[in-house]
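**Q** Fold the following.
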Amino acid sequence: MFGKGIVGRVLLEHKHLYRVITNEGEWLCSLSGKFKFDHDREAFPAVGDWVVMEQMPGEEKGIIQEVLPRSSQFSRKVAGQTTDIQLIAVNVDYVFLVMSLNDDFNVRRLERYLLAAWDSGAAPVVVLTKKDACDDLAYYMNEVESVAFGVDVFAVSSVTSEGIDHLATLLSAGKTGALLGSSGVGKSSLINALSGEEVMVVSDIREDDSKGRHTTTHRELSLLPGGGLLIDTPGMREFQLWDSAEGVSASFKDIEELAEGCRFRDCQHKKEPGCAIQEAISNGTLKEERYRSYIKLLRELAHIERKNNVVAKKTEANKWKQITKNNRKNYIKKK
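**A** Now for the predicted structure:
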């Protein structure tokens with residue numbers, strides 16, 4: 001109990017209904033009208049959230065009144081021209097960034113995932129699946145290690161169970177993880193391997209391009225035999241950043257450390273003499289593709305910040321416009 005309410009954790013979200021597990025069982029819950037009115041979409045419950053709710057009299061259903069503070073929050077920008085945020089996973093200890101050891105492997109996409117993961121408050125872990133079908137593991141490991149500094153990297157196989165024990169150890173004693181990656185990389189197979197039984201439907205990948213069909217269509221929290229929990233998420237081939245400015249230093253510390261060695265403080269890293277970054281590119285210690293990715297992500301984040309500032313100003317102006325309008329109505333009524 002929490003005050004007059006009951007505390008539970010959101011297992012599943014579907015069309016603004018939530019399946020919540022409590023000490024008294026699993027309930028289907030909806031949001032209270034007051035909560036909807038007082039909060040924006042980012043504050044709405046997500047899978048993994050701890051919530052306070054009240055039971056509907058005589059039913060195994062509840063009304064969510066409050067979302068408790070989050071320890072971590074992994075999010076992305078909703079696709080399109082909007083500035084809306086989409087919550088991917090909350091209150092997780094580990095964000096498992098999953099890529100398969102085939103044509104799906106994309107180190108530039110991994111950079112994006114890492115950027116958001118460092119900002120989420122959870123610890124990123126890279127998981128390379130389908131090890132049993134890979135002929136050149138060293139190549140892939142070198143590619144990952146060139147961008148994932150200080151991050152654990154596991155190569156696993158859901159077919160042979162190789163490496164699964166390492167992931168299970170991380171998720172013991174009530175720890176929560178979230179699986180993030182494209183469709184067909186083996187997220188559902190991972191959950192089945194960690195669970196020791198088939199709890200998720202698995203879909204085959206297309207043989208022509210190694211891309212997967214969408215299997216998971218919603219986020220769901222699964223309880224593992226060792227006491228840990230795991231959130232599976234729909235496949236995301238495109239990942240639009242939301243606001244990961246702080247994660248840049250963690251994800252691209254190699255480039256930022258190089259920049260400190262430039263002769264000029266305001267070096268633009270183009271044709272200036274004594275540019276440590278251009279020197280590193282020319283001697284092969286820094287890949288030009290990685291530097292281009294860094295610049296692209298910085299520009300994207302700057303664009304998002306400008307857009308958010310415009311939206312914030314407009315929202316503030318509309319708020320004061322409404323307040324003035326209400327005050328004018330009240331003044332007329334008093335007269």
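
**Q** so who does Ala173 touch?
**A** When contacts are counted by Cβ atoms under 8 Å, 6 or more residues apart in numbering, Ala173 touches Gly226, Gly227, Gly228. To be clear about C-beta, it is placed using only N, CA and C from the backbone, and glycine gets the same treatment.

**Q** where does the last one land on pLDDT?
**A** At Gly228, the pLDDT value in this model is 89.

**Q** who's in contact with stretch 133-141?
**A** Taking contacts as Cβ under 8 Å, 6+ apart, the residues outside stretch 133-141 that touch it are Leu101, Asn102, Phe105, Leu128, Lys131, Val153, Ala155.

**Q** what about the helices in the stretch 101-250 of the chain?
**A** Under the criterion DSSP state H, counting those that start in this stretch, the stretch 101-250 of the chain carries helices at the ranges 107-120, 137-145, 164-170, 187-195, 247-251.

**Q** Rebuild those helices as CSV, extending it with mean pLDDT, mean neighbour count and distance to Tyr291.
**A** Listed next are those as CSV, based on pLDDT from 0 to 100; neighbours: other Cβ atoms under 10 Å; distance: least, Cβ to Cβ, whole Å:
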stretch, mean pLDDT, mean neighbour count, distance to Tyr291
helix 107-120, 84, 22, 11
helix 137-145, 93, 14, 16
helix 164-170, 91, 16, 32
helix 187-195, 88, 22, 31
helix 247-251, 68, 19, 13
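
**Q** among those, which is nearest Glu289?
**A** If you check each of the helices of the stretch 101-250 of the chain against Glu289 by Cβ to Cβ, helix 107-120 wins as the nearest, at 7.4 Å.

**Q** CA atoms of that closest one as CSV?
**A** What follows is the C-alpha trace of helix 107-120 in CSV, where atoms were taken according to Å, rounded to 0.1, in the frame of the first residue of the first chain:
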residue,chain,number,x,y,z
VAL,A,107,28.0,0.3,-36.5
ARG,A,108,26.6,3.8,-37.3
ARG,A,109,23.2,2.7,-36.0
LEU,A,110,25.0,1.4,-32.9
GLU,A,111,26.5,4.8,-32.3
ARG,A,112,22.9,6.3,-32.2
TYR,A,113,21.8,3.6,-29.7
LEU,A,114,24.8,4.2,-27.5
LEU,A,115,24.2,8.0,-27.5
ALA,A,116,20.7,7.6,-26.2
ALA,A,117,21.6,4.8,-23.8
TRP,A,118,24.3,6.8,-22.1
ASP,A,119,21.7,9.6,-21.5
SER,A,120,19.0,7.2,-20.2
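
**Q** can you give me the angle that helix makes with helix 137-145?
**A** With axes from the mean of the first three to the mean of the last three Cα atoms, to 10 degrees as the criterion, the two stretches helix 107-120 and helix 137-145 enclose an angle of 50 degrees.

**Q** Give me the helices and strands touching helix 107-120, please.
**A** With contacts defined as 3 or more Cβ pairs under 8 Å, 6 or more residues apart in numbering; DSSP states H and E, the packing partners of helix 107-120 are strand 73-77, strand 94-100, strand 123-129, helix 137-145, helix 247-251, helix 288-334.
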